[in-house]
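Colleague: Quick one: sequence and predicted model below, then my questions.
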Amino acid sequence: MHDFCFTIPYGMLLIGGGFIGYMKKGSITSFAGGAGAGLLLILAGYLSLNAFKKKKTSTIAVVLQTVISAALTLVMGQRYLLTQKIMPAGLVAVISALMTCFYVYKIATGGNKIPSKAAE
């Protein structure tokens, strides 16, 4: 599975979560954090997708994805430990931890596998 297949939806989920946090609680911090992280992830996913289309691997995109998801894991994990609230801190921490593991796996295995021949 290619990283951009998960990264773009993950970024959209973060943007949506930030927007919901803003709408429900009026939290500009939620919106800014969700939108900022989400947009950076979508950008990284887009870079990775474009590199894949050119039959290349975008190391910078995967590293950016890893750093963002690891940071979210730490920040939201700490917030969950302080508040004990599953939504949103616990959920974002778990999803981000899973994504971090996926990105580390992608880095360890050399990134997206480029097909040697197009499917017919």
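Modeller: That came through fine.

Colleague: Could you use CA atoms for every contact and neighbour count after this?
Modeller: Will do.

Colleague: and the helix or strand hosting Met23, which residues are buried?
Modeller: Met23 is part of helix 3-25, with elements assigned from DSSP states H and E. For helix 3-25, a neighbour-count test (16 or more other CA atoms under 10 Å) marks 3-4, 6-8, 10-22 as buried.

Colleague: ok, residues contacting stretch 19-33?
Modeller: 15, 17-18, 34-35 (CA atoms under 8 Å, 6 or more residues apart in numbering).

Colleague: repeat that for 10 Å
Modeller: 13-18, 34-39, 72, 88 (CA atoms under 10 Å, 6 or more residues apart in numbering).

Colleague: Quick one: mean pLDDT over it.
Modeller: What stretch 19-33 shows for mean pLDDT is 93.

Colleague: how long is that stretch end to end?
Modeller: 10 Å (CA to CA, to the nearest Å).

Colleague: i'd like the first residue to be 29 from this point on
Modeller: Done: numbering now begins at 29, and the last item shifts to stretch 47-61.

Colleague: related to what we said a few turns ago, just put the contacts of stretch 47-61 in JSON lines and tack on distance to Ile88.
Modeller: Shown next, in JSON lines, are these (distance: CA to CA, whole Å):
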{"residue": "Leu41", "distance to Ile88": "22"}
{"residue": "Leu42", "distance to Ile88": "21"}
{"residue": "Ile43", "distance to Ile88": "22"}
{"residue": "Gly44", "distance to Ile88": "25"}
{"residue": "Gly45", "distance to Ile88": "26"}
{"residue": "Gly46", "distance to Ile88": "25"}
{"residue": "Gly62", "distance to Ile88": "21"}
{"residue": "Ala63", "distance to Ile88": "21"}
{"residue": "Gly64", "distance to Ile88": "18"}
{"residue": "Ala65", "distance to Ile88": "16"}
{"residue": "Gly66", "distance to Ile88": "17"}
{"residue": "Leu67", "distance to Ile88": "16"}
{"residue": "Leu100", "distance to Ile88": "18"}
{"residue": "Pro116", "distance to Ile88": "28"}
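
Colleague: Appreciated, that's everything.
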